[in-house]
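what follows is a protein structure lacking sequence information:
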């Protein structure tokens, strides 16, 4: 009940602030100042509520933080600060609770595994927190401990999400909601068992072992609610976003895109939690990638259909594009939609694929976000009729998340060349010339 009340407080809190601000504007208040105050207070409430929940709601907050680049600049600052906190901060659990979990998961002699153990957490995730320690073999390690009751909290959030299904169907009539929500539930629940995450991390570590560009920390030990892996020291991507020079931004952007596109074919898995807290640059220029709780299995490598859709969209063939989208489940059988409108909807999204090097920016993302969310525009109406096939859920999430981070970085990236090398089905003949 308390969790539900907290979630419900978000829209009511926003509404009350907007109404109050409207009244102050009528009374002669400065509109810009009032809007800024509303944004700051809403962001503060968002962080406080989602941070306290620690379950699925906080995972939503972490996902939202990637898309702060699409918020208009005059409103972005308070959201940027509050939402970015969600990537690495949440109210910590007491160390007495941590010890209880460690005893349950690693046994009563768990302390013998470590020569040092820092009681204060160094980071927080959506369903757990991380402590720094030194393992008995001398390696510095990160110990991720799941919050007690995180599973019940997550299930409660998922039940709330199910209740929104009719609302989603009303707003997005082209979306087949139930299988999509079922896929979300299956993928999120999978994150509750750290042994599954450990196995994914081991697979990535093996696929990228001794790589010149990437580092995946090795797993040291695992249990259902505790994961111990090698400690990685580097510059967080959030720091580069805030203060990096253009060369650092371009380098980070290139590695980010390369990891995202190449891992399905190298590891047959896709790292599906793209937010800046999971990436850092090491002193030698390599990128470290952490947190493998959200992963999509891709035994056949990257989805060929996605590459074919991108190719057709690039070549501006509306009828063929619509046919391909129907074949892949992006347009349901009974839905009638104009082929030219669909081509127009997708065309700007493939801008990054048309050039040798594309300059990602907050301004570009804002324009695209406004285009597809303008209730009076054709693109909004077209987007409502498009479906998201469950098997593409995490792929689309990753593409959207990576795009958001690249725009936060303001990076210039050779996306077309990377896609041509690593995205199955992407056969733009022009890419071969470069």
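On my side now, so go ahead. Here the structure is a predicted model, which is why all the values come from computation and not from measurement.

span of stretch 299-317 from start to end?
This stretch, stretch 299-317, spans 30 Å end to end (Cα to Cα, to the nearest Å).

how about it: buried residues?
Across stretch 299-317, burial judged by 16 or more other Cβ atoms under 10 Å covers 301-303, 305-314. Quick note: C-beta positions are derived from backbone N, CA and C, even for glycine.

what about the residues you listed, which are in helices?
Residues of the buried residues of stretch 299-317 located in helices (DSSP state H): 305, 306, 307, 308, 309, 310, 311, 312, 313, 314.

in TSV, list the residues you listed along with distance to residue 421 and pLDDT.
As requested, those are arranged in TSV below (distance: Cβ to Cβ, whole Å; pLDDT from 0 to 100):
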residue	distance to residue 421	pLDDT
305	18	93
306	15	93
307	11	93
308	16	93
309	18	93
310	14	92
311	14	93
312	19	93
313	19	92
314	16	90
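
ok, so of those, who is nearest residue 124?
Proximity to residue 124 was ranked across those by Cβ to Cβ; first place goes to residue 306, at 33.2 Å.

what's the distance between residue 418 and residue 382?
To residue 382, residue 418 is 28 Å away according to Cβ to Cβ, to the nearest Å.

so which residues of the stretch 201-350 of the chain form strands?
214-215, 219-223, 226-230, 235-236, 269-271, 279-281, 287-289, 295-297 (DSSP state E, counting those that start in this stretch).

what about the nearest residue to residue 415 once chain neighbours are set aside, how many neighbours?
Closest residue to residue 415 apart from its sequence neighbours, by Cβ to Cβ, 6 or more residues apart in numbering: residue 352 at 4.6 Å. Residues near residue 352, counting by other Cβ atoms under 10 Å, number 20.

I figured residue 352 was touching residue 359, is that so?
No - in this structure, residue 352 is not within contact of residue 359 by Cβ atoms under 8 Å, at 9.1 Å.

show me what the helix or strand containing residue 401 is packed up against.
Applying DSSP states H and E as the criterion places residue 401 in helix 393-409. Applying 3 or more Cβ pairs under 8 Å, 6 or more residues apart in numbering; DSSP states H and E, we find helix 393-409 packed against helix 56-66, helix 177-190, helix 237-243, helix 246-266, strand 269-271, strand 295-297, helix 362-373.

contact partners of it?
63, 66-70, 180, 183-184, 187, 237, 240-241, 244, 249, 252-253, 256-257, 260, 270-276, 279, 294, 296, 303, 306, 352, 360-362, 364-365, 388, 413 (Cβ atoms under 8 Å, 6 or more residues apart in numbering).

check which helix or strand covers residue 195.
Going by DSSP H and E, residue 195 is in helix 194-207.

which elements pack onto that helix?
On a contact count with 3+ Cβ pairs under 8 Å, 6+ apart, helix 194-207 meets strand 219-223, strand 226-230, helix 246-266, strand 269-271.

right, and those - which one's nearest residue 147?
Residue 147 lies closest to strand 226-230 among these, at 11.8 Å (Cβ to Cβ).

quick one: mean pLDDT over stretch 209-222.
Averaged across stretch 209-222, the pLDDT comes to 97.

quick check: end-to-end length of that stretch?
Start-to-end, stretch 209-222 (Cα to Cα) is 20 Å.

what sits up against that stretch?
If you take Cβ under 8 Å, 6+ apart as the criterion, stretch 209-222 is touched by 106, 113, 135, 139, 141-142, 194-195, 197-198, 201-202, 204-205, 207-208, 227-232, 255, 258-259, 282, 286-290.

repeat for stretch 94-114
Contacting residues not belonging to stretch 94-114 are listed as 117, 119-120, 129, 131, 133-136, 141, 143, 145-146, 148, 221, 223-226, 228 [Cβ under 8 Å, 6+ apart].

circling back to that earlier point, next, the angle from the helix holding residue 195 to helix 177-190.
Going by axes from the mean of the first three to the mean of the last three Cα atoms, to 10 degrees, helix 194-207 is angled at 80 degrees with respect to helix 177-190.

got the angle for helix 194-207 vs helix 246-266?
100 degrees.

list the buried ones in helix 194-207?
Residues of helix 194-207 classed as buried: 194, 196, 197, 198, 199, 200, 201, 202, 203, 204, 205, 207 (neighbour count, 16+ other Cβ under 10 Å).

what residues are up against residue 387?
Shown in contact with residue 387 (Cβ under 8 Å, 6+ apart): 174, 175, 176, 329, 330, 331, 332, 335.

what residue is smack in the middle of this structure?
residue 274 (3.9 Å; Cα atoms, centre = their mean).

about what we covered before: quick one: which two of the buried residues of helix 194-207 are the most distant?
Top of the distance list for the buried residues of helix 194-207 (Cβ to Cβ): 194 and 207, 20.0 Å.
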